[in-house]
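Novice: for reference, the sequence and a predicted model appear below.
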Amino acid sequence: LVVTAQGHQTRTNAVTKPVVEEAIPGLEAAKVPPPPPGADPDSPPVYVSGEHIDGHADGLVTVTGRGQLIRDMTVVQGEELTYNRQTEVATACQDVRINHNGNVFRGTRAELHVPTYQGHFDEATYQVRLTGAHGQSSQIEFTGKDQMTLHDATYTLCDAKADGEYDWVMTADSVELDFE
């Protein structure tokens, strides 16, 4: 993991604790059937579920009520979810959660080009599975399967204390994360 910050300030009072591995949230409930025989391994199928699903001839799928889209190791969830099969763009609103390779993002609205993992997530919190790093951002810009930029962000490895403060936290105009 490479972390690059611009316009940052760091406050530290203590050493962080080691990361504890946990189950990947959002994937444990995802019951995804295997791809059909002869399916292209470079283009995994997309599965959509929810309380109410509308499909349109133009390729737009609209899900209301606990919408979920699964493709490979990416789960997008929201109370309202649309997926355009032609452009392969998913848009989620209201109580949105994205789990990508175990990294969890929560926020108000997200738009994601599913195959390339490019898009953005507004007013989001995040947790990085590899390191346990977490924080919040006014916008997370997904720039590829293993890269993202956090705008107006906080970044820490610490758990919040009883008063809600952290022993160590970095704030920055932008933070670039690269998982390659």
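Specialist: Yep, that arrived. What you see is a predicted model; the values in this text were computed from it and never measured. Numbering: from 1, shown residues only.
Novice: for this structure, what are the low-confidence residue spans?
Specialist: Where the chain drops to pLDDT under 70, the residues are 1-36, 39.
Novice: now the strands for it?
Specialist: 2-6, 9-12, 47-49, 52-55, 60-71, 74-84, 89-100, 103-113, 118-127, 134-144, 147-155, 168-178 (DSSP state E).
Novice: point out the most buried one among the ones you listed.
Specialist: strand 74-84 (a mean of 22; mean count of other Cβ atoms under 10 Å). Glycine gets a C-beta too; all of them are placed from N, C-alpha and C.
Novice: by contact count, what packs against that one?
Specialist: Judged by 3 or more Cβ pairs under 8 Å, 6 or more residues apart in numbering; DSSP states H and E, the packing partners of strand 74-84 are strand 60-71, strand 89-100, strand 103-113.
Novice: what do you get if the cut-off is 7 Å, keeping everything else the same?
Specialist: Applying 3 or more Cβ pairs under 7 Å, 6 or more residues apart in numbering; DSSP states H and E, one finds that strand 74-84 contacts strand 60-71, strand 89-100.
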